[in-house]
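S.K.: What follows is a predicted protein model with its sequence.
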Amino acid sequence: MNNFKSSRLYLGLIVLALFSFYLWRQIVLPQFTGDEKEIAVNRGDNFLEIAHNLKLAGIIKNRLSFILAAIYRGSFLALKAGQYVFEPGLNLHQIIAKIEKGDAIFGSNETVVTIPEGFTLADIVKRLEEAGFDDAGVIVKMRADSFVGKFPWLGKIDLGRETLEGFLFPDTYRLPKDASLEEVVERMLKRFESKTNALRNSASISRRDFYDILTMASILEKEVPPADMPLAAGVLWKRLELGMPLQADATLVYDLGRPIKRSDIMELNSSYNSYKYTGLPPTPIANPGLVALNAALYPQKSNYLYYLSRSADKITVFSETLEQHNLAKAKYLNF
């Protein structure tokens, strides 16, 4: 009988040790990889509901582990409401601590700002000013290389004129109303970092520089609709390889700040005049989204060398020869 009791005790201790090891691994190991994830913890949610929502959002791997870890920490009654962003690589301890401290990104002292794909720095400044950031204009003068300390990946990119153009990722942001402009930019750079991590890794093993890809994506964002971006990217990369000028209206519009006139094509002596000079413009001309970035990195091959957007409906017309392109211009453009 004593041997039976001892066996049960040993078995119980082994099970307890295995469970403790399993729980320890759940607490200290990263819960997810990839992009950052966002979730709302609503006022009145108990820790069981929070565990369910975290699991549903892919932030935690196991609800029971979260519940047990929260009980162990004594924080299951101290979890605070708010809108939370969780970076990849966080473990259970860090996730619980974030909610316990109320390290949220959205509260009564915050505002929501949406930056659409293709917004320029000037557009972003205007949007931030509308949201109450009166001195947003200073962003235009900020240098990308001044943020290398917090974002080392910036130091690996040839930054052209060191402008932030292209790096402020288009998305919806919840920003503290009293945030400094540096903090706002850092939030956008952080989003760029997480959203483009895989793209930057792919670019590093390709034959193209990532800054060139970013610049090309910004042109695509301004030139053609998303469905036509891969094909247009193939055309533009091919023109560069052949030493042909890009002849992209959007680069001139960016420099002039207005729609172009026929006379601008030859009179504008600017490196953004892609009719007069070959190569990419010196900087991105907008802040592109993932669709444009993917199109720039993975262009669609074709026999086309020209394209235009029809004046009436902005549908893209592709042509293989200059003769076909001139006929399309005569038919579709009011220029």
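M.R.: Arrived safely, thanks for sending. Numbering: from 1, shown residues only.
S.K.: okay, now the domains of the chain?
M.R.: Following the assignment in automatic domain parsing, the chain carries domains at 2-101, 110-197, 207-332.
S.K.: Now do the end-to-end distance for the longest one.
M.R.: From the first residue to the last, domain 207-332 extends over 36 Å; the measure is CA to CA, to the nearest Å.
S.K.: chain center to that domain, what's the gap?
M.R.: Relative to the centre of its chain, domain 207-332 is centred 22 Å away, using CA atoms, centre = their mean, to the nearest Å.
S.K.: Now Glu162: closest residue in space, sequence neighbours ignored.
M.R.: Arg143 (4.2 Å; CB to CB, 6 or more residues apart in numbering). (C-beta placed from N, C-alpha, C; glycine too.)
S.K.: residue contacts, the one you found?
M.R.: Under the criterion of CB atoms under 8 Å, 6 or more residues apart in numbering, the contact partners of Arg143 comprise Glu162, Thr163, Leu164.
S.K.: Would you mind naming the residues that bridge with the second one?
M.R.: When bridges are called by DSSP bridges, Thr163 pairs up with Arg143.
S.K.: Just to check, it is in contact with Ala144?
M.R.: Yes. Under the criterion of CB atoms under 8 Å, Thr163 makes contact with Ala144 at 6.4 Å.
S.K.: the more surrounded of these two?
M.R.: Using other CB atoms under 10 Å as the criterion, Thr163 and Ala144 rank with Ala144 on top: 22 against 18.
S.K.: do you know how far that one is from Tyr211?
M.R.: Plainly put, Ala144 is 10 Å away from Tyr211 if you go by CB to CB, to the nearest Å.
S.K.: can you count the residues close to the nearest residue to Leu168 once chain neighbours are set aside?
M.R.: Residue nearest to Leu168 in three dimensions, not counting chain neighbours: Met188, with 4.3 Å by CB to CB, 6+ apart. If you count neighbours by other CB under 10 Å, Met188 ends up with 22.
S.K.: now Met188, what's its secondary structure?
M.R.: helix (DSSP: H, G, I helix; E, B strand; the rest coil).
S.K.: ranges for the strands of this protein?
M.R.: 37-41, 82-86, 110-114, 172-176, 306-309, 316-319 (DSSP state E).
S.K.: Dump those strands to TSV, plus distance to Leu293 and mean neighbour count.
M.R.: Formatted as TSV, the strands of the chain follow (distance: least, CB to CB, whole Å; neighbours: other CB atoms under 10 Å):
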stretch	distance to Leu293	mean neighbour count
strand 37-41	20	17
strand 82-86	21	19
strand 110-114	19	15
strand 172-176	18	17
strand 306-309	19	20
strand 316-319	19	19
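S.K.: Tell me which residues touch Lys331, please.
M.R.: Remark: with contacts taken as CB under 8 Å, 6+ apart, Lys331 is in contact with nothing.
S.K.: Next: Arg310.
M.R.: Contacts of Arg310 by CB under 8 Å, 6+ apart are Thr316, Val317, Tyr332, Leu333.
S.K.: where's it relative to Val317, distance?
M.R.: With CB to CB as the criterion, Arg310 and Val317 are 6 Å apart.
S.K.: where do the contact lists of these two overlap?
M.R.: With CB under 8 Å, 6+ apart, Arg310 and Val317 have common neighbours Tyr332.
S.K.: Is there a neighbour count for Leu252? I'd like the number.
M.R.: 24.
S.K.: hang on, it packs against Asp264?
M.R.: Yes. Between Leu252 and Asp264 there is a contact at 5.8 Å, judged by CB under 8 Å.
S.K.: list residues touching both of these two?
M.R.: Contacts common to Leu252 and Asp264, judged by CB under 8 Å, 6+ apart, are Asn273.
S.K.: right, and Asp178 touches Asn109 too?
M.R.: Yes. Counting by CB under 8 Å, Asp178 touches Asn109, with 6.8 Å between them.
S.K.: can you give me the helices for this structure?
M.R.: Under the criterion DSSP state H, helices of the chain are mapped to 2-28, 47-56, 63-73, 92-101, 121-130, 181-195, 197-204, 210-223, 229-241, 249-256, 264-267, 290-297, 322-332.
S.K.: what's the most buried one of the ones you listed?
M.R.: Mean neighbour count (mean count of other CB atoms under 10 Å) peaks for helix 210-223 among the helices of the chain, with a mean of 25.
S.K.: ends of stretch 55-63, how far apart?
M.R.: With CA to CA, one end of stretch 55-63 sits 6 Å from the other.
S.K.: List the residues that contact the residue nearest to Leu168.
M.R.: Ile115, Phe167, Leu168, Phe169, Asp171, Tyr173.
S.K.: change it to 10 Å
M.R.: Taking CB atoms under 10 Å, 6 or more residues apart in numbering, we find Met188 in contact with 113, 115, 124, 139, 164, 167-171, 173, 175, 287.
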